[in-house]
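Student: compute the structure for the input listed below.
(one chain, ligands or ions: 2)
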Amino acid sequence: MEITVDQMYNIENKGHDMGFLKKFMMENAGAAAVKRLVEKLGNVDSKNILIFVGMGNNGGDGLVMARHLAGYGAKVTVMLLGNPENIKTEESNWNWSILEKMPSVKLMTGGSTDFDFKPDVIIDGILGTGISGEIREPYASAINYINKTDCYKFAVDVPSGLDPQTGETANIFTKCDMTVTFHKMKQGIPKRKDLTGELFAEKIGIPPEAEEGIL
Ligand SMILES: NC(=O)C1=CN([C@@H]2O[C@H](COP(=O)(O)OP(=O)(O)OC[C@H]3O[C@@H](n4cnc5c(N)ncnc54)[C@H](O)[C@@H]3O)[C@@H](O)[C@H]2O)[C@H](O)CC1
Ligand SMILES: [K+]
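Tutor: Ligands and ions are numbered 1, 2, ... in the order given. I've put the predicted structure just below:
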């Protein structure tokens, strides 16, 4: 079954109000995404993994992935596309503050795409269901860097720049090898398998009762 973005936000909020906090959803989303990525790549030990992280909860999922991948022995670099003080949500901030205590994960901020290493894997945690309008900087430079870099590319929830509701693309957008979306498939995502690559929808523990009156 495919759902709308509005339905997804309503289900998320209802689950949160039931006590299954968005922080728990984010943890399960990041863990499920890492499981698929590690299953696909096999051993990620010592692999250079670069994670672009937006200022919203798509970025938050990327922060959770960073922590899990460090646990698998990957060499993880996180590029936050802004200033940590401007991280939009409590659940995303929570995950940023954990990473600040983890020397095993390199944290960079501001959105520069000038790296002193070539990534084996790039994770696109830039934009998800909160996309609106033409892509603004520094997100645009990150998307262009991802597209011009030859490596394995993984999209969190949806390739950034693809509208998960309509399947339309913004002025620029990422083209990935794998996409993992959460809870249920959003209507627009399967329309662009050329951008998503291998596509999965992973359950993240939202109570089925959170869908009552919405689906
Ligand atoms: N569905 C679920 O159960 C879960 C979804 N999760 C993840 O949350 C994101 C949606 O998070 P949200 O904060 O609402 O939006 P985004 O992170 O997608 O983006 C908001 C962020 O991006 C900026 N922005 C929007 N449009 C543009 C643009 N055109 N150019 C530049 N910047 C833009 C905006 O200002 C905000 O800062 C969902 O996709 C999932 O990944 C939960 O974490 C887990 C459960
Ligand atoms: K994304």
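Student: who are the packing partners of the helix or strand harbouring G59?
Tutor: In this structure, G59 is located in helix 57-71 according to DSSP states H and E. Under the contact criterion of 3 or more C-beta pairs under 8 Å, 6 or more residues apart in numbering; DSSP states H and E, the helices and strands touching helix 57-71 comprise helix 22-41, strand 48-53, strand 75-80, helix 90-99, strand 105-109, strand 121-125, strand 152-156. Every C-beta, even on glycine, is put in place using the N, C-alpha and C of the backbone.
Student: for the ones you listed, give me TSV that also has mean neighbour count, distance to ligand 1 and mean pLDDT.
Tutor: Below are the helices and strands packed on helix 57-71 laid out as TSV (neighbours: other C-beta atoms under 10 Å; distance: least, C-beta to the nearest ligand atom, whole Å; pLDDT from 0 to 100):
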stretch	mean neighbour count	distance to ligand 1	mean pLDDT
helix 22-41	20	4	98
strand 48-53	26	9	98
strand 75-80	23	11	98
helix 90-99	18	7	98
strand 105-109	17	14	98
strand 121-125	27	7	99
strand 152-156	26	5	99
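Student: got the residues of this structure near ligand 1?
Tutor: 8, 12, 25-26, 29, 54-61, 88, 127-136, 139, 156-157, 182-183, 204 (C-beta under 6 Å from any ligand atom).
Student: any quick ChimeraX command for the buried ones out of these?
Tutor: A single ChimeraX command is used to select the members of the residues of the chain next to ligand 1 judged buried by 16 or more other C-beta atoms under 10 Å:
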select :8,12,25,26,29,54,55,56,57,58,59,60,61,127,128,129,130,131,135,139,156,157,182,183,204
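Student: of the residues of the chain next to ligand 1, list those near ligand 2.
Tutor: Counting by C-beta under 5 Å from the ion, 58, 156 from those sit close to ligand 2.
Student: wait, L63 sits on S97?
Tutor: No: counting by C-beta atoms under 8 Å, S97 is not a contact partner of L63; they are 9.7 Å apart.
Student: which pLDDT does the model give N58?
Tutor: Note for N58: predicted pLDDT of 98.
Student: wait, isn't it in contact with Y139?
Tutor: No: when contacts are counted by C-beta under 8 Å, N58 is not listed as touching Y139 (10.6 Å).
Student: shared neighbours of these two, which are they?
Tutor: 126-127, 160 (C-beta atoms under 8 Å, 6 or more residues apart in numbering).
Student: ligand 2: which of those is nearest?
Tutor: Checking those against ligand 2 with C-beta to the ion, the nearest one is S160 at 4.3 Å.
Student: which strand or helix spans that closest one?
Tutor: Going by DSSP H and E, S160 is not in any helix or strand.
Student: report the contact partners of the nearest residue to G60 once chain neighbours are set aside.
Tutor: Of all residues beyond its chain neighbours, the one nearest G60 is S92 (3.4 Å), with distances taken as C-beta to C-beta, 6 or more residues apart in numbering. By C-beta under 8 Å, 6+ apart, the contact list for S92 reads 26, 55-57, 59-60, 63.
Student: how about a cut-off of 10 Å?
Tutor: Applying C-beta atoms under 10 Å, 6 or more residues apart in numbering to S92 gives the contacts 22-23, 26, 53-64, 80, 84.
Student: overlap in contacts of L63 and S97?
Tutor: I87.
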